[in-house]
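*Asks:* Starting from these lines, generate the structure:
(one chain, ligands or ions: 1)
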Amino acid sequence: MATAARQSSIAPNDLEAYWMGFTSNRAFKKAPRLIARAKDMHYFTTDGRKLIDGTAGLWCCNAGHNREPIVQAIQRQAAELDYAPAFQCAHPQAFELANRISALAPADLDHVFFCNSGSEAVDTALKVALAYHAVRGEASRTRLIGRERGYHGVGFGGISVGGIVANRKMFGTLLAGVDHLPATYDRANQAFTKGEPEYGAHFADELERIVALHDASTVAAVIVEPMAGSTGVLPAPKGYLQRLRQICDKHGILLILDEVITGFGRLGFPFAAERYGVVPDIITFAKGVTSGTVPMGGVIARKPIYDAFMRGPEHVVELFHGYTYSAHPLACAAGLATLDLYRREKLFERAYQLEAKFADAAMRLKGLPNVLDIRTVGLTAGIDLASQPDGVGKRAYAAMERAFHDEEIMIRVTGETIALTPPLIVSEDEIGEIFDKVAKIIRAVA
Ligand SMILES: Cc1ncc(COP(=O)(O)O)c(C=O)c1O
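*Replies:* Numbering: from 1, shown residues only. Model prediction:
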């Protein structure tokens, strides 16, 4: 144990072989940010420093780090059942977890398809949507509508409906038949809003224009994040999601809410769908379902969607889709223990109760040098910085480096935005600490 612990805290001396995703590899390898262990609200670096986690890992460790009940559940499961085939076979915890997740989801979203990441969840949702129309005899509905500034992971489906230029431009022609709604952000009319902006529901009306262009009979589904996280925390304007729902209903189009970030408490509810009183046809989830401990993602579909597939001879596979590691026993054990913890500690309610204090603390950064906008919703804040004249993203990158190396805090930056999304166990004092540190960092990179 002592040896293992010591070894894991030694920094590797050759960083070349690992090609890191969404990372500036050369800059990173000159000044690596290496984490050895974590506990509750903190990370510990390989050189023994303690950092407060302002980002719940990558928006995923909602219950905090290395929580004992989750750790023990994973350990127990690993000793009991390592793996069971996911096709034509299963293990009991998969059903238990599916039931628990469907109980958290709104209305008749009561069938859960498991996969291993948010990207897989998105591709699964898009495939289910297309196949659903096909099995109902509306196979002409093949078009998918995403949104500019949307992030739906890195699969070909996800980057096609996604709206981040850098994630798309090098990867060929992507999926055919995809169109995009405009982003919902308009700084001139929304700057420094706490929660959902008053301005912007009309952005949903663009769906009518897109449907008119292609004809409803060709459109399968619309996919949006209730809050666009990865492009800088863009909460849905008031009434926006409701309007999307109405237009989808009018034209027989499925509405998919990508809740990979917003699921499991980030906005103070099990799913953001509940916060907005909107019942989507499909919800995607990942991240918080296991509090980031074991990879898992999934899709929750409304009952009529599942039922539409349950036809034909019973020995025939109904949906030709699935992953070797769908509902992996370790992920299910982690998921069940995580959901227990969320319930026992009332962490979703806690996020809801802390929202106003979190927003106030964030807004105190208004007026600091280069701060162009601050947005908050749930336990999430996005802070836009002005770019340096010599390059977009340089100031935010400097902020991230400074946070890790000098201010003992983990922050996330995307473009020129600092995103803060702490675990839902964050205390009021820690909220203060996080924003004090970020204020110091913003001054330092001015
Ligand atoms: C809304 C949304 N969808 C999908 C994904 C992709 O998830 P993963 O990185 O687990 O594939 C993310 C990741 O941040 C996300 O924010």
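*Asks:* OK, contacts around the nearest residue to residue 274 once chain neighbours are set aside?
*Replies:* Nearest non-adjacent residue to residue 274, counting by Cβ to Cβ, 6 or more residues apart in numbering: residue 106, 5.5 Å away. To be clear about C-beta, it is placed using only N, CA and C from the backbone, and glycine gets the same treatment. Each residue near residue 106 by Cβ atoms under 8 Å, 6 or more residues apart in numbering is listed here: 271, 273-274, 279.
*Asks:* What parts of the stretch 51-200 of the chain come near the ligand?
*Replies:* Within the stretch 51-200 of the chain, the positions lying close to the ligand (Cβ under 6 Å from any ligand atom) are 117-119, 122, 151-153.
*Asks:* Give me the number of neighbouring residues for residue 82.
*Replies:* For residue 82, the neighbour count with other Cβ atoms under 10 Å is 10.
*Asks:* ok so, going back, got a markdown table for the residues of the stretch 51-200 of the chain next to the ligand, with secondary structure, neighbour count and pLDDT too?
*Replies:* Formatted as a markdown table, these follow (DSSP: H, G, I helix; E, B strand; the rest coil; neighbours: other Cβ atoms under 10 Å; pLDDT from 0 to 100):
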| residue | secondary structure | neighbour count | pLDDT |
| --- | --- | --- | --- |
| 117 | coil | 21 | 98 |
| 118 | helix | 30 | 98 |
| 119 | helix | 21 | 98 |
| 122 | helix | 31 | 99 |
| 151 | coil | 25 | 98 |
| 152 | coil | 31 | 98 |
| 153 | coil | 23 | 98 |
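*Asks:* Which one of those is nearest to residue 347?
*Replies:* residue 118 (20.1 Å; Cβ to Cβ).
*Asks:* and that closest one, what does it touch?
*Replies:* Contacts of residue 118 by Cβ under 8 Å, 6+ apart are 152-153, 258, 260, 284-287, 297.
*Asks:* Any of those buried? List them.
*Replies:* 152-153, 258, 260, 284-287, 297 (16 or more other Cβ atoms under 10 Å).
*Asks:* can you list the residues of the stretch 251-400 of the chain near the ligand?
*Replies:* Close to the ligand, as judged by Cβ under 6 Å from any ligand atom, the stretch 251-400 of the chain has residues 258, 260-261, 286.
*Asks:* Contacts only, for the residue nearest to residue 53 when sequence neighbours are not counted.
*Replies:* Nearest residue to residue 53, sequence neighbours excluded (Cβ to Cβ, 6+ apart): residue 410, at 5.0 Å. Applying Cβ under 8 Å, 6+ apart to residue 410 gives the contacts 43, 51-55, 403-404.
*Asks:* again with residue 145
*Replies:* Per Cβ under 8 Å, 6+ apart, neighbours of residue 145: 161, 178-181, 207, 210, 219, 221-223, 253.
*Asks:* Could you confirm residue 425 falls within a strand?
*Replies:* No - with DSSP: H, G, I helix; E, B strand; the rest coil as the criterion, residue 425 is coil rather than part of a strand.
*Asks:* Is it in contact with residue 39, as I believe?
*Replies:* No - contact criterion Cβ atoms under 8 Å: residue 425 and residue 39 do not qualify, at 11.2 Å.
*Asks:* Could you check which of those two is surrounded by more residues?
*Replies:* residue 425 (20 against 14).
*Asks:* Give me the distance between that one and the ligand.
*Replies:* Distance check for residue 425 against the ligand: by Cβ to the nearest ligand atom, to the nearest Å, it reads 21 Å.
*Asks:* again with residue 317
*Replies:* For residue 317, the distance to the ligand - Cβ to the nearest ligand atom - is 25 Å.
*Asks:* As PDB, could you dump the C-alpha coordinates of stretch 151-158?
*Replies:* The C-alpha coordinates for stretch 151-158 follow below in PDB (Å, rounded to 0.1, in the frame of the first residue of the first chain):
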ATOM      1  CA  TYR A 151     -21.500  20.700 -27.800                       C
ATOM      2  CA  HIS A 152     -22.600  17.200 -28.100                       C
ATOM      3  CA  GLY A 153     -19.400  15.200 -27.700                       C
ATOM      4  CA  VAL A 154     -17.000  14.100 -30.400                       C
ATOM      5  CA  GLY A 155     -18.700  11.200 -32.300                       C
ATOM      6  CA  PHE A 156     -19.500  12.000 -35.900                       C
ATOM      7  CA  GLY A 157     -23.200  12.400 -34.900                       C
ATOM      8  CA  GLY A 158     -22.300  14.700 -32.100                       C
END
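*Asks:* so how far is it off the chain centroid?
*Replies:* Centre-to-centre, stretch 151-158 and its host chain are 12 Å apart (Cα atoms, centre = their mean, to the nearest Å).
*Asks:* I'd like the numbering to begin with 6 instead of 1 from here.
*Replies:* Happy to do that; since the first residue is 6 now, the last one works out to stretch 156-163.
*Asks:* contacting residues around it?
*Replies:* Against stretch 156-163 from outside (Cβ under 8 Å, 6+ apart): 122-128, 131-132, 149, 151, 164, 166-169, 172, 176, 179-180, 228, 230, 233-236, 263, 265.
*Asks:* Can I have the buried ones of these as a PyMOL selection?
*Replies:* Buried residues among the contacts of stretch 156-163 (16+ other Cβ under 10 Å), as a PyMOL selection:
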select buried, resi 122+123+124+125+126+127+128+131+132+149+151+164+166+167+168+169+172+180+228+230+233+234+235+236+263+265
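*Asks:* Please, which helix or strand holds the residue nearest to residue 279?
*Replies:* Secondary structure from DSSP states H and E places residue 111 outside every helix and strand.
*Asks:* and the gap between it and residue 423?
*Replies:* 32 Å (Cβ to Cβ, to the nearest Å).
*Asks:* Equivalent analysis for residue 98, please.
*Replies:* Per Cβ to Cβ, residue 98 is found 38 Å from residue 423.
*Asks:* Which of those two has more residues huddled nearby?
*Replies:* Neighbour totals were compared for residue 98 and residue 423, and residue 423 leads with 28 against 22 (other Cβ under 10 Å).
*Asks:* At which residues are the strands of the stretch 6-155 of the chain located?
*Replies:* Along the stretch 6-155 of the chain, counting by DSSP state E, counting those that start in this stretch, strands occupy 40-44, 47-50, 55-58, 114-120, 148-152.
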